[in-house]
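Asks: Build me a model from this:
(2 chains)
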Amino acid sequence: MASSGFRAGRSGSNRFLPPDPRVEEPYRFTPQLALRLGILGAVALIVFGILFFRLWALQVLSGPQYLHAALDNQVRSIRVPAERGEIFDRNGYPLVANVGGTAVELSPADLPKTWPARLAELRQLSKVLKVPVRQMLVEIKARGNDPITPVTVRESVKRDAPINYIYEHEEQFPGVRVVPTFLRSYTYGPLASQLLGYVSEISPAQLKSLRKYGYQAGDTIGQGGLEATYDRYLRGQAGLEQLTVDSLGHPRSDLVLVRPQKPGESIRLTLDLKLQRAAENAIRYGIGLAYGNRQYQANGGAIVALDPRDGSILAMASYPAYDPRVYTGRVTTKRLAAQGLTGATAKQMNYPALNRAIDGVYPAGSTWKPVTALAALETHTISSSTELPCTPDFSVPSQYPGFPPQVFKNVDPYADQMMNLPTALAESCDTWFYRVGYDFYNMPPSAGHPLQAWAAKFGFGKKTGVDVAPESGGLLPTPEWRKRTFTAKTDPNWRIDRSWKPGDSVQLAIGQKDLLVTPLQMARFYALLANGGRLVQPHLVQDVVEGGGGRSAPRVKRRFIPAAPQPVGLDPTALAVVNDGLFQATHSSIGTSQSVFRNFYPSIAGKTGTAQENPQTNQRDQSWWCGYGPAQSTEPPQIVVCAIIENGGFGADAAAPAALKVFQQFFKSSTQTTPLGSGAATG
Amino acid sequence: MIEAVDTRAKGLRRPRSESVDLTAFLGRLDWILLGAVAALVGYGLWAIGGITQHDIPGNPGYYVVRQGVYAAIGAVALVAVVFIDPEYYRRHKRVIYVGTLSVMLLVLMAGTVSRHSKRWLDLGFFRFQPSEFGKLLFVLFLAGFLADRARRLGDSRTVLQTIGFAAGPILLVFIQPDVGTAMVYAVALAAVLFVAGTRWTHLAVLGAGALAFILTVLWILPSAGIHVLKPYQQSRLTGFTNPSSDPQGATYNVRESINAVGAGGLSGRGPKGATQTNYHFLPEHATDFAFASLAEERGFVGVSILLLLYLLVVWRGLKIVSAARDAFSAIAAGGIVVAFLFQVFVNVGMAIGIAPVTGIPLPFVSVGGSAMIANLLAVGVLEAIHARGTGPRRRLLR
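Replies: The predicted structure follows:
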């Protein structure tokens, strides 16, 4: 069998394979080589042992876990945005609605894995969408440990050219999707903007505190105003779709709806669109009147209209306002700055985001006098027939021996007569009320602080609890407050400032000095005067509705029941005297706003206020007017209006005519052109 | 020395009896090794068929057909090599060495660049990767060089000379750059020195030197601001020690590879259900990460079959070393077997996260013509050594 060639090879001396002279010993399989081969064999066994062991651990022991990871890899969860509830006025006019838009979303998990490729794609995207790369990177980074929830790069109402470009070149932009979305649409633009609020994507800080209520990254959430207060009704619940994708983010399956979206609930306000519009125009009208009176610093104001029977807010206007449409689509600092919504421009634009009706605080001025009057009547400091002198000034002896008395002046320097309470209210005599205030000061400590106590019962010094934020509680000064506030730490003159002095009581009686109120608090107090002494709960939302808008009339789903008006325990006769004073103020020939309201039907009762200039804050007189109608009628009063024109001068000059505009809209009538002096011809 | 070899070369042509006893010659072949390799090639083709069936839309068999053609070419080459006496390589080791170096230089000058690396010569119909064939030629040359100095092996000069000659091809592959193949060359060098019988002390010094070199390149020099490796190479080599360090970047491949392997479970997800492969989460699933794809589609059972076949090949290879006729054959066989073992370990280890990520293909499985043909050629050399060796023949004769 064996050939000679092979045998020759073995012997090493055959011509087929002659011996190599360099190999002096014939080759043999030495023990040394055997050892080394043994080592190699052992290494091979160890290597395969390691591989088998590791594969067993990976595939058999942890297989299910990796299978899960592999399945996760390919499944993208896609939020299906829920349509946010709409906001209607009391008559079903949509104030805030939705409009279908388009969003460009980025899925960080599906972006290119290598940094250069990723940057190149973002650059390209930035070029098309005009969104800075840096901003996209910041937003992607903000997602951090959540690579699944997409980042919305840009939203737009219209499907414009850049978005179309992305849509048509989707292959070039792995990880980028063009999806339908809902955007807020503000039917009446800046109307009630501070009140309605706006929406935006939930911030990381909000997400942290609200996650337990089911909020998720990427959610739209109300930011301020009613959008924030009623967010849990309006937001609805986003749906969830799942999709299988490959490593480039390209879809490999159809969308599967895992959880359908639940549209948000719509709410209906107590607000009346037409009245709101009238109120906003009225502020501008009042400012215009102030300008006519050379009050050129008039630059803001607020009007609150309230139903005194149940506290429904019919109008809540604050000026200046902003256009909430800047928060729709892409929000840029430039657009916000143009509306005075950035820190840098807010002051210059006189704080348009501030809702002055509930968050603006002002000295009440003479509109406060009914509070003093009621407190004095209730404590029997005065009676309905008490006659006090109305003098050009009122002196209070100094507390410190040897010092001259402190003198408080009347607005009208020629006044000098005895008058009763209604007349003092109608004429708004300051010195008359100074005397009452001084009487309060001289009360024994056992009597407490009746003026502040009654003011607190009327809702001053604390928030009204209206269903929109942010609200201020104002400031109701008391001796305790002075002691608390003026300490060695905060005030170099604390030894003097911490004590309650006669001047504090005297000036509080006419709503000056430290007292601060919001227009809503004033409106609520005048509602109490109008409704027979009951404190109402102001509120803006009356029910949750379905449908509405252009489709059908809203159908009530759930009603919000406001707290019932609470009687504060006022003597009806005391109330009648004060209301008589307010009626005289608008109708008697000496009334401060009779020129404005005298001829209006139905008859209006109300009080002017001119809160005094504060040189420190560069403010002129705040022009106030608060009142209600119909007054002295068989019908109960249906509306309270409180108006303030910042730096508007005398109350009768700016605020009262502005308030009249609101009454005109409400009663759908206009002043009768009857000759002056003919009295209350119509009522 | 060369003349002496030349005169004796005539002796090769004289006996005519070899072809006459073809059946006897066939009986001396290691049929177990051949069977194992045939099984590996067949199994590899079947695996690639499953792995790549979604890669070319409308043509699921594209890669299998190409790979099959390469396997056929490789088989013919294997048969041809079996009939060449290994002594022939020893005598022409210089031609082999110079030829290998020249082709590698040609690659550097005229090679095709693909994914940052210049490894290929474009021959139009075939992209030829010399470094794959170089593995075999490199081992043959070193084996010849050491066999010629069998008596002076204890001399440190011989060891240094060997390393000096080996440095050329290693460096040329390294600067392509192809760190993985350079590592295979280095391991082959260590293997031939080990099998040839280099002193333990020398081996220990070499081992320490290699360790110091690795530490220097990967750690000391980079911290001193000198970067021998490109950053991506560096992070690939070291990334496997900390797979979660950069999930989007360097270790992305490894993470997805481990996911794929683990997801395969015991019996695999099949070619249809293997989402890691089919949706391209697993990069390079037909070449570098073919093992991970196979593991995903065929599971632990499937990869066990593959690994057992590899183990069979290694075992037969080591047996061939023990039965070699002469020192050259033994050293050459040892180098081939260790290089093979190393490639299997690094490729599989990379897929399961216990070895650095390098572009070393999985023998007989990864798509690639050069590697397939070169590996079959190496098996041919092993068979040629076996057929002329001592062990089997002794058994045959008795």
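
Asks: So A:L388 sits against A:T423, correct?
Replies: No. The pair A:L388 / A:T423 is not scored as a contact, 10.1 Å apart, by CB atoms under 8 Å. From N, CA and C alone the C-beta is placed, and that goes for glycine too.

Asks: Helices of the stretch 201-350 of chain A, residue ranges please.
Replies: Along the stretch 201-350 of chain A, counting by DSSP state H, counting those that start in this stretch, helices occupy A:204-210, A:225-229, A:231-234, A:273-292, A:333-338, A:343-346.

Asks: Name the surrounding residues that touch the last one.
Replies: Applying CB atoms under 8 Å, 6 or more residues apart in numbering or on different chains, the external contacts of helix A:343-346 come out as A:A337, A:A338, A:G340, A:P352, A:A353.

Asks: From those residues, pick the one nearest B:A224.
Replies: B:A224 lies nearest to A:A337 out of the contacts of helix A:343-346, by CB to CB, at 51.2 Å.

Asks: low pLDDT regions in the chain?
Replies: If you meant another chain, say so; for now it's chain A. Chain A contains residues with pLDDT under 70 at A:1-26, A:144-148, A:248-250, A:548-553, A:613-619, A:669-683.

Asks: nope, chain B
Replies: Within chain B, the segments meeting pLDDT under 70 span B:1-20, B:115-116, B:232, B:236-251, B:391-398.

Asks: Can you name the residues of the stretch 101-250 of chain B that neighbour chain A?
Replies: B:A147, B:D148, B:A150, B:R151, B:A191, B:F194, B:V195, B:G197, B:Q248, B:G249 (CB under 8 Å from any CB of the partner chain).

Asks: Buried among the residues you listed? Make that a ChimeraX selection.
Replies: Of those, the buried ones can be selected in ChimeraX as follows, counting by 16 or more other CB atoms under 10 Å in any protein chain shown:
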select /B:147,148,150,191,194,195,197,248
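
Asks: now for the residues of the stretch 101-250 of chain B next to chain A, which pair is the farthest apart?
Replies: Maximum pairwise distance in these, criterion CB to CB, is 57.5 Å, between B:R151 and B:Q248.

Asks: rewinding a little: now the contacts of helix A:343-346: which count as buried?
Replies: Buried by 16+ other CB under 10 Å: A:A337, A:G340, A:P352, A:A353, out of the contacts of helix A:343-346.

Asks: would you turn the residues you listed into CSV with distance to A:S398?
Replies: Converted to CSV, the buried ones among the contacts of helix A:343-346 look like this (distance: CB to CB, whole Å):
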residue, distance to A:S398
A:A337, 52
A:G340, 47
A:P352, 46
A:A353, 45
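
Asks: how much space between B:M372 and A:K483?
Replies: According to CB to CB, to the nearest Å, B:M372 and A:K483 sit 96 Å apart.

Asks: neighbour count winner among the two?
Replies: Ranked by neighbour count (other CB atoms under 10 Å in any protein chain shown), B:M372 and A:K483 place B:M372 first, with 29 against 14.

Asks: hang on, that one packs against B:G68?
Replies: No. Here B:M372 does not reach B:G68: they are 9.7 Å apart, not a contact under CB under 8 Å.

Asks: Give the burial count for A:P401, as a bare number.
Replies: Residues lying near A:P401 (other CB under 10 Å) number 6.
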